[in-house]
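Engineer: sharing a model prediction with you, sequence too.
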Amino acid sequence: MDGTFTTLLRDIVVILAAAAVVAASVIGAAVAWQLYRLGRQLYADVQPILDSVYGTSETVRNTAQFMGSRMHERAGAALAIVHTSRTLTLLVRDFYKGIPPSPAAAPPAMAGGTAASTPIGAPAPAAPLGDVDPAAPLGAARPAVVEGGPAPSGVADAQPHG
C-alpha cells in the first residue's frame, strides 16, 4: 500500500495543481478582457475631450497668428510715426535753438522780469534782491527787508530795535 498511496497522493496533487493553473488562467483572461473593455471605454470617453482641446489649440494658434500679423503691421506703422515725430522734434529744436526771438514777435515783458529780452536757451536773469526765487525750494528763507524799502507783508519787526 505504500507505493500505491504515494502514487495516488501524487496524482491528486498534480490534478489540483493543474486545476489551479487553469483557474488562474481563466481569472487572468477575465481580468485582461475587463482591462481591454475599460481601455476602450476610456478611449471613447477621452477622445471627444482631446478633439475639443485640439480644436481649441488650433483656434488659439490661428487667432495668435492673425493678431500677430495685424499688430505687426500696425506696430510698425506706429513705430515709424513715433520715430518720425521724434526726428522732426529734434530738427525743429536744433533749428530754433540759437535764434533769438524778433522784437515784434516777442511777448510783452512780465512785471519785474525781462522775459522778452532773454534769448531761447539762455539762462534767466538773476532775481532782484527781495523777490522770491522761483527755483528756491518751498519754505526757503526770504530776505526780511528789501534794501531801501519796507518790510515784506507778514513780517512784523524785521529790523532789530535799537
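Structural biologist: That came in fine, so what should we check first? Numbers count the residues shown, from 1 in each chain.
Engineer: neighbours of Val60, how many?
Structural biologist: Using other C-beta atoms under 10 Å, Val60 is surrounded by 10 other residues. To be clear about C-beta, it is placed using only N, CA and C from the backbone, and glycine gets the same treatment.
Engineer: swap in Val46?
Structural biologist: Count around Val46 with other C-beta under 10 Å applied: 10.
Engineer: one more: Phe66?
Structural biologist: 10.
Engineer: cool, Gly3 as well?
Structural biologist: So Gly3, with other C-beta under 10 Å, has 7 neighbours.
Engineer: output stretch 72-80 as PDB, nothing but the C-alphas.
Structural biologist: Taking C-alpha atoms only, stretch 72-80 is exported to PDB below (Å, rounded to 0.1, in the frame of the first residue of the first chain):
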ATOM      1  CA  HIS A  72       2.900  93.700 -36.600                       C
ATOM      2  CA  GLU A  73       1.700  95.900 -39.400                       C
ATOM      3  CA  ARG A  74       0.200  98.500 -37.000                       C
ATOM      4  CA  ALA A  75       3.100  98.400 -34.600                       C
ATOM      5  CA  GLY A  76       5.500  99.000 -37.500                       C
ATOM      6  CA  ALA A  77       3.400 102.000 -38.600                       C
ATOM      7  CA  ALA A  78       3.200 103.400 -35.100                       C
ATOM      8  CA  LEU A  79       6.900 102.900 -34.600                       C
ATOM      9  CA  ALA A  80       7.500 104.800 -37.800                       C
END
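Engineer: got a list of contacts for that stretch?
Structural biologist: The contact list for stretch 72-80 (C-beta atoms under 8 Å, 6 or more residues apart in numbering) is empty.
Engineer: can you check stretch 46-66 too?
Structural biologist: Counting by C-beta under 8 Å, 6+ apart, no residue sits against stretch 46-66.
Engineer: list the buried residues for that stretch?
Structural biologist: Within stretch 46-66, no residue counts as buried by 16 or more other C-beta atoms under 10 Å.
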